[in-house]
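Colleague: Below is the sequence, then the predicted model.
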Amino acid sequence: MRLLCWNVRGARGTRTFRDLKDFIHVHKPELIFLIETKMIEIQMGKLKSRLGMDGILCVPREEDNGGFSGGLCFLWNSNISVSFISHSFYFIDVWVKWEVGKECRVTGFYGHPTASQRHLSWDLLRSLKEVVPRPWLCCGDFNEILDVGEKVGGVLKPFGQIENFRKAVEDCGLFQFAFSGFDFTWDNKRVGEANIKERLDRGFGNLPLIQQWGGFTTHHLVTMASDHCPLLIENDSSVVAGGAGSRRRRWFQFEEMWVKDEECGTIIDNGWKSLINASTLVKLRRVAVELSCWG
């Protein structure tokens with residue numbers, strides 16, 4: 001199983017579309033959940049075609065104070081079968097079957113952006129829990145942290161606010177997936193003391209999911225197209241075809257000790273400038289390859 005989850009903060013931007021295409025080409029997700037698309041249904045249908053996906057379920061944007069907000073979308077390829085269960089402005093719930101015979105419920109979730117209304121999100125999450133639980137994967141932008149260490153900068157989050165989210169997750173019988181990559185998934189893009197980073201986006205699974213599929217990992221990907229980083233969620237048995245057989249996906253990790261070496265900066269600069277017209281994602285991959293070979 002391989003799922004891409006991303007709060008794109010508007011899916012019509014050229015950079016966003018280009019990065020989406022790159023993520024699909026490189027990581028080959030079978031299922032994609034997009035948050036805050038800010039698009040109407042016709043626009044989402046066109047996006048599906050441009051991305052080369054085979055199926056779509058969407059919740060269109062809403063008008064908000066003269067502008068547009070929200071919009072959710074599930075996209076998938078022909079390797080899986082997707083059946084609609086339910087939806088609202090804050091979630092889409094589907095049942096997914098894979099060709100290998102496995103299946104599970106997948107919920108794409110969007111926590112309320114206003115802190116005073118977030119308790120409604122946790123009530124909604126609890127309502128989605130089944131009495132007789134089937135394999136369930138839940139992912140999205142929950143707009144909340146689970147631990148005080150998941151935020152850097154700005155004012156401290158009220159402990160009760162964090163605890164309410166934690167209690168909802170516990171009540172639903174969900175377990176958080178391990179992650180790789182940067183510690184935070186949202187950055188307000190400001191500089192100096194005004195900068196704030198938080199881990200707002202994540203993936204969960206219940207016990208039946210783990211029993212059927214095994215462990216899962218959430219990979220925090222890199223992009224400049226949104227203030228949220230995309231999540232690539234895959235079960236640990238996922239492999240990538242290549243060469244004389246199959247191999248487990250290898251992930252790049254930047255080593256802190258490299259910063260002390262002046263040559264590191266030169267390699268990054270040269271790798272970035274060597275692809276003038278390429279997308280940010282392609283440039284980052286090139287730099288990662290160069291650093292891996294050098295390091």
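Modeller: Yes, it's here.
Colleague: now the end-to-end length of stretch 203-219.
Modeller: With CA to CA, to the nearest Å applied, stretch 203-219 spans 10 Å between its terminal residues.
Colleague: neighbouring contacts of it?
Modeller: Outside stretch 203-219, the residues that touch it by CB atoms under 8 Å, 6 or more residues apart in numbering are 1, 3, 5, 102, 104, 133-139, 169, 172-181, 202, 231-237, 251. Where you see a C-beta, it was placed from the backbone N, CA and C, and this is true even at glycine.
Colleague: in the stretch 1-150 of the chain, which spans are helices?
Modeller: Taking DSSP state H, counting those that start in this stretch, the helices of the stretch 1-150 of the chain run over residues 14-27, 41-51, 118-127.
Colleague: Report the angle between the longest one and helix 41-51.
Modeller: Right, helix 14-27. If you take axes from the mean of the first three to the mean of the last three CA atoms, to 10 degrees, helix 14-27 sits at 50 degrees to helix 41-51.
Colleague: same deal with the shortest one?
Modeller: Angle of helix 118-127 versus helix 41-51, following the same axes, to 10 degrees, is 70 degrees.
Colleague: Just the CA atoms of helix 118-127, as CSV, please.
Modeller: Output in CSV follows, covering the C-alpha atoms of helix 118-127 (Å, rounded to 0.1, in the frame of the first residue of the first chain):
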residue,chain,number,x,y,z
ARG,A,118,-11.6,21.8,17.1
HIS,A,119,-13.5,19.8,19.7
LEU,A,120,-16.1,19.3,16.9
SER,A,121,-13.4,17.6,14.8
TRP,A,122,-12.6,15.2,17.7
ASP,A,123,-16.3,14.4,18.1
LEU,A,124,-16.4,13.7,14.3
LEU,A,125,-13.4,11.5,14.5
ARG,A,126,-15.0,9.4,17.3
SER,A,127,-18.2,9.1,15.3
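Colleague: Mind giving me the packing neighbours of that helix?
Modeller: Using 3 or more CB pairs under 8 Å, 6 or more residues apart in numbering; DSSP states H and E, the elements in contact with helix 118-127 are helix 159-171.
Colleague: Which secondary structure elements does the helix it packs on sit against?
Modeller: Helix 159-171 is packed against helix 118-127, with contacts defined by 3+ CB pairs under 8 Å, 6+ apart.
Colleague: Distance from the helix it packs on to the middle of the chain?
Modeller: In terms of CA atoms, centre = their mean, to the nearest Å, the gap separating the centre of helix 118-127 from the centre of its chain is 20 Å.
Colleague: ok, now stretch 120-129?
Modeller: 20 Å.
Colleague: Next, the buried residues of that stretch.
Modeller: Within stretch 120-129, the residues that count as buried by 16 or more other CB atoms under 10 Å are 121, 122, 124, 125, 128.
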